[in-house]
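K.L.:
Pasting a predicted model and its sequence here:
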Amino acid sequence: MLTYVLRRVLSAISVILVTLVVSFGLFFLAPQDPAGVICGPRCNTQRYQDIRASLDLDKPVLVQVGSYLKGLVAGRTYTSSGVTIECPAPCLGYSYTLGQPVTKLLAQAVPVTVSIVLGAAVVYVTVGVLAGTLAARRRGSAMDRGAVGVSLGLSSVPYFVVALIVALYATFLPRSEYHSLLDNPFAWASGLLAAWLTLGFTNAAAYTRYSRASMIESLGEDFVRTARSKGISERRVVYRHGLRAAITPVATILGVDMAFQLTGAIFTERIFGLPGLGVLVLRAFGQSDLPVLMGGVLVGAVVLVTLNLTVDLLYTVLDPRVRLT
Amino acid sequence: MTVHSGDVVTTPRSDGASRGPDGPPYLAVRDLSVAFPTADGEVRAVRDLSFSLALGRTLAIVGESGSGKSVASLSIMGLHDRGSTRMSGSITLGGHEIVGMSPEELRHHRGVAASMVFQDPLTSLHPYFTVGNQIVEAYRAHHRVNKRQARERAVDMLARVGIPNPRRRLGDYPHQFSGGMRQRVMIAMALVNDPKLLIADEPTTALDVTVQAQILDLIRDLQRDFGSAVLFITHDLGVVAEIADDLLVMYGGRCMEQGPMRTILGRPLHPYTWGLLLSVPAVSGETDRLRPIPGAPPSLLAVPSGCPFHPRCAYRDRVPYDQCREVLPDLYPRTADGTRTSRCHLADPERIFTSDVLPRLS
């Protein structure tokens, strides 16, 4: 088990390193000259050279990669028009358009996105699994057809339309804004409520269908019949024996979904005005802010790899038959 | 005329009842019919089935797949889907009527009045719970005891069914047991509440032959110790010969022949039973070809008219006026005391068996 985790962590780190180097290469080959973009319309040769030097763009690409990696571990300093800027480790570069180290920008944006995604996951897993279980128990009934119908209807409306409608018309919900959880948990929750409900209920549609299908399969299993033959209550048969087996495939989908949402919550953040990772990266893309873009790629890679590992480890808890070696 | 076999198992056995006293039947099934409406029509899985079973006795129900034997056993447990099953007739367990019982009452009966061992112990035990957990749950469903007491009971039961080191194995999951041990766990769980009736639905089919024999021995021992009735569902005549006191042969949802096991297997009076015996492969002597019954069992959506077995019966020409195709034979008593019945139009099945079938059986 321990060696398995170690091996997976090592391979995760190597995946992240490769992602970094490849994204570095991609941006280096990009047709845009970052120094030119940063320099802006009132550019002169002196300022242009200055920016190039501070971005290390005048050095060979391998040296650039090297100093980037070194910055990650040991930190580095930038000089821009005579001013020296400290970028402590782990330094992911310096955003000239925002005048801030990338690490600091990410440290502000990532908690926002994580708060949105985790809160929404609580909503859609709860709603989806409960509705799916009820629908599976009363298969073919009006309630089942209603749940499946609403779920199909909801998931066929584009997400940003739903989000826009909620943001524009659901004025009874608290105003969307981000406060740190540690400063004021109540303000944190109420500021995120609209985003949670929107992302939560649209995703609950899909989770209702996953859980319904998984639950129908599990309720048809022999061990559910055995549980019933023991004379335990029907509720216990369904929620302890049936749901316990049905939840494993749902958990797998949840891992993948959360990884996508963490890297792609842009609609939610943008529409509800929450300063998350998606907004940060999209702005950086518009302004060719390479250090921020690369920081975003790095965070995305880490999130994907970590969640995949988490799901695999979760399997050993969910299914005792799985042994990781 | 309909002959109920209630009299069958309550009469003393000819070879001296060695397995417990003969009392009033614990389980009595009368004119049981079970049907499920489906998109293709109504599946009539069991029709007019009657039998009874006293404590200490073992009744085997044999038949091919789709003969209705498993449906009959699930009805006794009340395990059919209430919404989509139509049941008529009567099932009494220790004097309580099961047909039409409320779900809550049924729940209290399951596991206590009757419990069931299923065919495949790997899929029938929950893969995510330890066996101790599952046995404790079964015990606590019917007894107000704390977890520790229930665990002690589970350890006792595991030891009783012959699982070595039961206290340690309580914490193991079903996949950590071998097939035979897993079926022992199933049996321990089924017997944890001292049920008076144990229904075993092909409990040895998924096991290899040596383990089969051990499980059969175990069931027989436990029956003797607990004095319970055993209803054994199988398609294996070897198993029947090993374990049963009485035998009921089912075909197309109906009882074809019924009576004491020895006399039925010794001198069967129904062409279907002859076919079953002839299709058993000989272990010794010339083992050239299997001799299956030609044709396939009927679909329960459209059971043949008349005798359900007539399309596959080699002797229907011996019955005049095409009766087999048109008239369903009654369950005729074949002995003076009514301990044997069979559903066949043949006038002298005994003579046909002696002259036609017996020589081919050797």
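P.N.:
Great, that's in hand.
K.L.:
How about the residue nearest the centre of chain A: what's its closest non-neighbour residue?
P.N.:
The C-alpha lying nearest the average C-alpha coordinate of chain A belongs to residue A:262 (CA atoms, centre = their mean; 1.0 Å). In space, not counting the residues next to it along the chain, residue A:262 is nearest to residue A:303; the distance is 4.8 Å by CB to CB, 6 or more residues apart in numbering or on different chains. Placement of C-beta: from N, CA and C, glycine included.
K.L.:
got a pLDDT number for the residue nearest to the centre of chain A?
P.N.:
Predicted confidence (pLDDT) for residue A:262: 82.
K.L.:
was I right about it contacting residue A:112?
P.N.:
No: shown here, residue A:262 and residue A:112 do not form a contact pair, counting by CB atoms under 8 Å, at 11.0 Å.
K.L.:
what sits in contact with each of those two?
P.N.:
Common contact partners of residue A:262 and residue A:112 (CB atoms under 8 Å, 6 or more residues apart in numbering or on different chains): residue A:277.
K.L.:
can you give me the helices in the stretch 151-300 of chain A?
P.N.:
Using DSSP state H, counting those that start in this stretch, the helices of the stretch 151-300 of chain A run over residues A:159-169, A:185-219, A:222-229, A:234-236, A:243-263, A:266-271, A:277-286, A:290-318.
K.L.:
And the ones you listed: which comes nearest residue A:3?
P.N.:
Counting by CB to CB, residue A:3 lies closest to helix A:290-318 out of the helices of the stretch 151-300 of chain A; the figure is 13.4 Å.
K.L.:
quick one: that closest one to helix A:277-286, angle?
P.N.:
Regarding helix A:290-318 and helix A:277-286, their directions subtend 150 degrees when assessed with axes from the mean of the first three to the mean of the last three CA atoms, to 10 degrees.
K.L.:
in helix A:290-318, what's buried?
P.N.:
Applying a neighbour-count criterion of 16 or more other CB atoms under 10 Å in any protein chain shown, one finds A:290-309, A:311-315, A:318 buried in helix A:290-318.
K.L.:
Kindly report the same for stretch A:174-184.
P.N.:
Of all the residues in stretch A:174-184, those buried under the rule 16+ other CB under 10 Å are A:176, A:178, A:179.
K.L.:
Next: stretch A:157-170.
P.N.:
Applying a neighbour-count criterion of 16+ other CB under 10 Å, one finds A:159, A:162, A:163, A:166, A:167 buried in stretch A:157-170.
K.L.:
Including distance to residue A:9 and pLDDT, could the residues you listed go into TSV?
P.N.:
Rendered in TSV, the data for those read as follows (distance: CB to CB, whole Å; pLDDT from 0 to 100):
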residue	distance to residue A:9	pLDDT
A:159	34	81
A:162	38	83
A:163	36	83
A:166	40	83
A:167	40	82
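K.L.:
With distance to residue A:232 as added columns, please give those in a markdown table.
P.N.:
Output for those, formatted as a markdown table (distance: CB to CB, whole Å):
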| residue | distance to residue A:232 |
| --- | --- |
| A:159 | 41 |
| A:162 | 41 |
| A:163 | 44 |
| A:166 | 42 |
| A:167 | 47 |
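K.L.:
hmm, back to that, who are the contact partners of the residue nearest to residue A:262?
P.N.:
Applying CB under 8 Å, 6+ apart, we find residue A:303 in contact with A:259, A:262, A:263.
K.L.:
on that earlier part again, distance to residue B:36 for the helices of the stretch 151-300 of chain A - can I get that in CSV?
P.N.:
Shown next, in CSV, are these (distance: least, CB to CB, whole Å):
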stretch, distance to residue B:36
helix A:159-169, 42
helix A:185-219, 17
helix A:222-229, 16
helix A:234-236, 20
helix A:243-263, 25
helix A:266-271, 48
helix A:277-286, 53
helix A:290-318, 34
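K.L.:
Name the secondary structure element that contains the residue sitting nearest the centre point of chain B.
P.N.:
With distances taken as CA atoms, centre = their mean, chain B has residue B:233 as the residue nearest its mean C-alpha position (2.6 Å). Per DSSP states H and E, residue B:233 falls inside strand B:229-234.
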